[in-house]
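After the sequence you'll find the predicted model.
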Amino acid sequence: MALADATLVLNRNWIPVNVTSVRHALVLMYQTIARAVDPTDYSTHSFWSWADRSILPGHSYVQTTTFRIRCPDIVVLSAYAQIPAQHVAFSRRNIYRRDNYTCQYCGEQPGVSKLSVDHVMPRSRGGPSTWENCVLACLTCNRRKGARTPREAGLQLRSRPRRPLWHPRLLVGMHQRKESWQHFLLRD
Ligand SMILES: [Zn+2]
């Protein structure tokens, strides 16, 4: 059901602050509290300008009695009270979420039971347990790497690990995470 799909909510500084339903996002747009963000060029659109845009194959949309409107993946709030700064706790579970259940060396998604947390600089060589030094690795890559650095093992990280910028409230919707959100969830 498209109206129940997830929409990422950015504050006016384009920092992710929440995940809501498409239904609520459209209401926010209709009330001019939020504008839709086009994930291809990051242009923003009011409810009516968004409704005027064409719906391409593959886009999900909502059919009203008189028109169709594309489901916004992302909306940006026009104004918003301060969101208190909060850090995402460093934990195994949040590393799985940050890395989207994907091996950071080979890109496979073998399932939770076949993934493990790898210390990029091995613990035995003083590598700390931090956001910047821990990544998900599949068992195959983990075994291949052993107590070596990626370079020594001939492995390459797909991206530099870092602390996620999510507001903890975002975690609620993380299982519904969309490709178009990545830019906002992982940028520097
Ligand atoms: Zn792997």
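Done, it's in.

how much space between residue 39 and the ion?
With distances taken as C-beta to the ion, to the nearest Å, residue 39 is found 28 Å from the ion. Every residue, glycine included, has its C-beta placed from N, CA and C.

contacting residues around the least confident helix or strand in the chain by mean pLDDT?
Using mean pLDDT, DSSP states H and E, the weakest-scoring helix or strand in the chain turns out to be helix 182-185, at a mean of 80. The contact list for helix 182-185 (C-beta atoms under 8 Å, 6 or more residues apart in numbering) reads 8, 10, 14-16, 39, 74, 164-166, 170, 177.

Sort out for me which of these are in helices.
Taking DSSP state H, every one of these sits outside helices.

what would the residues you listed look like in a markdown table with pLDDT, distance to residue 61 and neighbour count?
A markdown table is the format used below for the contacts of helix 182-185 (pLDDT from 0 to 100; distance: C-beta to C-beta, whole Å; neighbours: other C-beta atoms under 10 Å):
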| residue | pLDDT | distance to residue 61 | neighbour count |
| --- | --- | --- | --- |
| 8 | 92 | 18 | 26 |
| 10 | 90 | 21 | 21 |
| 14 | 88 | 25 | 15 |
| 15 | 83 | 27 | 16 |
| 16 | 84 | 23 | 22 |
| 39 | 91 | 15 | 18 |
| 74 | 96 | 15 | 24 |
| 164 | 79 | 30 | 21 |
| 165 | 69 | 29 | 15 |
| 166 | 67 | 27 | 26 |
| 170 | 70 | 24 | 22 |
| 177 | 78 | 20 | 17 |
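
May I ask which two of the residues you listed are separated the most?
Taking C-beta to C-beta as the measure, these span a maximum distance of 19.0 Å, between 39 and 164.

May I ask which helix or strand encompasses residue 49?
Counting by DSSP states H and E, the element that carries residue 49 is helix 47-52.

how about that helix: buried residues?
Buried residues in helix 47-52, counted by 16 or more other C-beta atoms under 10 Å: 47, 50-51.

Please work out how many residues are found near the residue lying closest to residue 160 once chain neighbours are set aside.
Spatially, and ignoring its direct neighbours in sequence, residue 160 is nearest to residue 132 (7.9 Å; C-beta to C-beta, 6 or more residues apart in numbering). Burial of residue 132 is recorded as 13 neighbouring residues (other C-beta atoms under 10 Å).

Please verify my assumption that residue 132 contacts residue 164.
No - using C-beta atoms under 8 Å, residue 132 makes no contact with residue 164, being 11.5 Å away.
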